[in-house]
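Peer 1: Got a predicted structure plus its sequence, pasted below:
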Amino acid sequence: MSGHSKWHTIRRSKGVADQRRGQLFTKLARDITIAVRDGGNIGDPDMNFRLRLAVDKARSNNMPMDSINRAIERGLGKTNEAALEEIFYEGYAPGGVAVLIETATDNRNRTNSEVRSTITKAGGNPGEPGSVGWMFEQKGLITIDLEGTKLDPDEVMLQVIDAGADDVENDDGVLNVYTEWTQLNLVRQALMEQKLPITGAEKFMRAKTTVQPDEQTAMQVLRLLEKLEDLDDVQKVYSNLDITEEIAAKFA
């Protein structure tokens, strides 16, 4: 199982801890605000697909509607809060593992300092724009959780491919379904019509090739990824790390 999928699974399992730290709602709100702006300043989820994804994710995490509406209004420029901008940072973790960091910030200097400092302290090297971005491709990611269902994973995987997915990975009963970003909504709708247990749909930067370092280095990389995602301005972290089930279990 490739590392970027494993990291996605590890972070999903640690979602409760994120809520305790009070970060989850902040990140969800920023996703909504950015989605409004990038969707042509459209605050209606029915008319803005990226906003629909962000709102659905917020609601699935029990975010209050007042907070969702406030985030939409911020995206529309109706509040006194500073405008957010989406910035990607790039660099290398220990072992030459490529790292792509998605941020949403109202203070570029602060975010730049925090991200670069975190990478450097962990033994990595901050990179210039474009240094590792070419190693990733933008995809849609749909998560289907078959745990507790009577659905056969192999049969569901065939359904998913028939619905237009590019690829699908089975991670202990959780299917990570990859689509072309522009086809995410169509595939999602098709799977919803089949009443499959979809637990998430989002934009995802998938590594084209992966790196598998030794266990010690892999643990260093995982700790760096976690520290980066714990930064207030960081929304998501992607890497081309490839790890074994055993290493993932040790870290989780």
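Peer 2: Sure, I can see it.

Peer 1: For residue 6, report the pLDDT, please.
Peer 2: Note on residue 6: pLDDT of 64.

Peer 1: Do a quick rundown of the strands in the stretch 1-150 of the chain.
Peer 2: Assignment of strands within the stretch 1-150 of the chain using DSSP state E, counting those that start in this stretch yields the ranges 85-93, 97-105, 125-127, 136-145.

Peer 1: Look up the pLDDT of residue 64 for me, please.
Peer 2: 92.

Peer 1: since we're on it, how many residues are nearby?
Peer 2: 11 (other CB atoms under 10 Å). Bear in mind the C-beta positions are built from the backbone N, C-alpha and C, glycine included.

Peer 1: what's the answer for residue 212, then?
Peer 2: With other CB under 10 Å as criterion, residue 212 counts 16.

Peer 1: can I assume it is in contact with residue 240?
Peer 2: No: applying CB atoms under 8 Å, one finds residue 212 not in contact with residue 240, separated by 9.7 Å.

Peer 1: which residues of the protein score low on pLDDT?
Peer 2: 1-22 (pLDDT under 70).

Peer 1: which residues in it form helices?
Peer 2: Residue ranges of the helices in the chain, as given by DSSP state H, are 3-13, 15-20, 24-38, 49-60, 65-75, 108-121, 153-162, 184-193, 215-229, 245-251.

Peer 1: Among these, show me which one is buried the most.
Peer 2: helix 24-38 (a mean of 22; mean count of other CB atoms under 10 Å).

Peer 1: For the closest residue to residue 145 other than its chain neighbours, list the residues it contacts.
Peer 2: Computed as CB to CB, 6 or more residues apart in numbering, the closest residue to residue 145 that is not its neighbour in sequence is residue 199, at 4.7 Å. If you count contacts by CB atoms under 8 Å, 6 or more residues apart in numbering, residue 199 has them with 60, 143, 144, 145.

Peer 1: quick one, domains of the protein?
Peer 2: 85-134+210-244, 135-207 (automatic domain parsing).

Peer 1: how about CSV for the ones you listed, with distance to residue 251 added?
Peer 2: Shown next, in CSV, are the domains of the chain (distance: least, CB to CB, whole Å):
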stretch, distance to residue 251
domain 85-134+210-244, 5
domain 135-207, 15
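
Peer 1: Of all the ones you listed, which one comes closest to residue 46?
Peer 2: Nearest to residue 46, of all the domains of the chain, is domain 135-207, at 11.7 Å by CB to CB.

Peer 1: re the thing from before, present the strands of the stretch 1-150 of the chain as a markdown table; the columns should include mean neighbour count and distance to residue 236.
Peer 2: A markdown table is the format used below for the strands of the stretch 1-150 of the chain (neighbours: other CB atoms under 10 Å; distance: least, CB to CB, whole Å):
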| stretch | mean neighbour count | distance to residue 236 |
| --- | --- | --- |
| strand 85-93 | 20 | 10 |
| strand 97-105 | 23 | 5 |
| strand 125-127 | 17 | 17 |
| strand 136-145 | 19 | 11 |
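
Peer 1: Which stretch among those approaches residue 248 most closely?
Peer 2: Taking the strands of the stretch 1-150 of the chain one by one with CB to CB, strand 97-105 is closest: 14.7 Å.

Peer 1: Sheet partners, orientation included, of the closest one?
Peer 2: Strand 97-105 pairs in its sheet with strand 85-93 (antiparallel), strand 234-239 (antiparallel), by DSSP bridges.

Peer 1: Export those strands as a markdown table, with columns for distance to residue 121.
Peer 2: Output for those, formatted as a markdown table (distance: least, CB to CB, whole Å):
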| stretch | distance to residue 121 |
| --- | --- |
| strand 85-93 | 12 |
| strand 234-239 | 15 |
